[in-house]
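Chemist: model the structure of this input:
(2 chains)
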Amino acid sequence: EPEVTQTPSHQVTQMGQEVILRCVPISNHLYFYWYRQILGQKVEFLVSFYNNEISEKSEIFDDQFSVERPDGSNFTLKIRSTKLEDSAMYFCASSIETANVLTFGAGSRLTVL
Amino acid sequence: AQTVTQSQPEMSVQEAETVTLSCTYDTSESNYYLFWYKQPPSRQMILVIRQEAYKQQNATENRFSVNFQKAAKSFSLKISDSQLGDTAMYFCAFTDIQGAQKLVFGQGTRLTINP
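Modeler: Numbers count the residues shown, from 1 in each chain, chains lettered A, B, ... in the order given. Reported below is the predicted structural model:
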């Protein structure tokens, strides 16, 4: 069964450092998403991406965050200058069409010290 | 703005019992999708079941079924013959069709199946 692959599975970084989380969505999917889950809390939408541009973003997704699809297969989330409160599990997801079933990756755990 | 509420933070049942998880939501849309996702200790989000709002028939997937009450904006999940592997966090989620760019999740219910 096709999977969404995320790397790294866990990253520890110092506050103020830049972090890039990587995702390989399912190959025939057209919509890509990042979600965040702070430990013990609910999953929150960050951003959706379609046709090489952001289609929607939440208020969490401020200027410190950016997304990119650099080569037609990877989909990355960059946090420019990490804060302690960025510590969370970050989930990538993709779907073949909007409002359809999202397939989630296994998540990347980010710990900011 | 759409909201999803799960009023049961934790539930615990014995193996083989039936358990029902509650979910209510708020929206002004008439057409939308509702989902239940399972998050086991591995923390991966796994789709359990999906319901389309324009379909009156309740969705079922093997031991999992929903009770969708559109007028009451209620979407509960019933797990029959519960198994140890059902132990997980369960999240109810909503997406509208018009915007359809994001899932809105509830707070989750931690379900423990005891042997």
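Chemist: when you work out contacts or count neighbours from here on, use the C-alpha atoms and nothing else.
Modeler: OK.
Chemist: tell me which helix or strand the residue nearest the centre of chain A sits in.
Modeler: Nearest to the mean C-alpha position of chain A, by CA atoms, centre = their mean, lies A:Trp34 at 3.3 Å. Counting by DSSP states H and E, the element that carries A:Trp34 is strand A:31-37.
Chemist: which residues of chain A lie near chain B?
Modeler: Taking CA under 8 Å from any CA of the partner chain as the measure of proximity, chain A contacts chain B at A:41-45, A:47-48, A:55-56, A:98-99, A:103-107.
Chemist: which of those fall within helices?
Modeler: Using DSSP state H, no member of the residues of chain A next to chain B falls within helices.
Chemist: direction included, what does the strand holding A:Trp34 pair against?
Modeler: Taking DSSP bridges as the criterion, strand A:31-37 forms sheet pairs with strand A:43-50 (antiparallel), strand A:88-95 (antiparallel).
Chemist: mean confidence score for it?
Modeler: When pLDDT is averaged over strand A:31-37, the result is 95.
Chemist: what comes into contact with that strand?
Modeler: Applying CA atoms under 8 Å, 6 or more residues apart in numbering or on different chains, the contact partners of strand A:31-37 are A:25, A:43-51, A:75, A:77, A:88-98.
Chemist: which of those residues are buried?
Modeler: Buried subset of those (neighbour count, 16 or more other CA atoms under 10 Å in any protein chain shown): A:25, A:43-50, A:75, A:77, A:88-98.
Chemist: helix or strand for the closest residue to A:Glu3 other than its chain neighbours, which one?
Modeler: With sequence-adjacent residues excluded and distances taken as CA to CA, 6 or more residues apart in numbering or on different chains, A:Glu3 is closest to A:Ile26, at 6.0 Å. Using DSSP H and E, A:Ile26 sits within no helix or strand.
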